[in-house]
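Enquirer: Sequence isn't available, so here's the structure alone:
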């Protein structure tokens, strides 16, 4: 089914973030790969300054 998600290790997102608009200490183009950093950015008000990328 298309609605099913692939299993992911607990606490580890299946994507990375790329900064498209600078904010805080993050410059444009920075790739965020640390799970704790991804969670903090996605939970904050700056999540819309990033795009999700899915590793191949």
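Expert: Received the coordinates, thanks. Since we're looking at a predicted model, the values are computed, not measured.

Enquirer: Can you read off the backbone torsions of the closest residue to residue 12 other than its chain neighbours?
Expert: Sequence neighbours aside, residue 35 is the residue nearest to residue 12 in space, at 5.2 Å (criterion: CB to CB, 6 or more residues apart in numbering). The way it works is simple: take the backbone N, C-alpha and C, and place the C-beta from them, glycine included. Reported as degrees, to the nearest 10, the phi and psi values for residue 35 are phi -60, psi -40.

Enquirer: from now on call the first residue 58
Expert: New numbering, starting at 58: the last item is residue 92.

Enquirer: and residue 92, how many neighbours does it have?
Expert: Residue neighbour count, defined by other CB atoms under 10 Å, stands at 12 for residue 92.

Enquirer: Who are the packing partners of the lowest-mean-pLDDT helix or strand in the chain?
Expert: Lowest mean confidence among the helices and strands of the chain (mean pLDDT, DSSP states H and E): helix 92-100, at a mean of 92. When contacts are defined as 3 or more CB pairs under 8 Å, 6 or more residues apart in numbering; DSSP states H and E, helix 92-100 packs onto strand 73-76.

Enquirer: neighbouring strands for the strand it packs on, and are they parallel or not?
Expert: strand 88-89 (antiparallel), strand 107-110 (antiparallel) (DSSP bridges).
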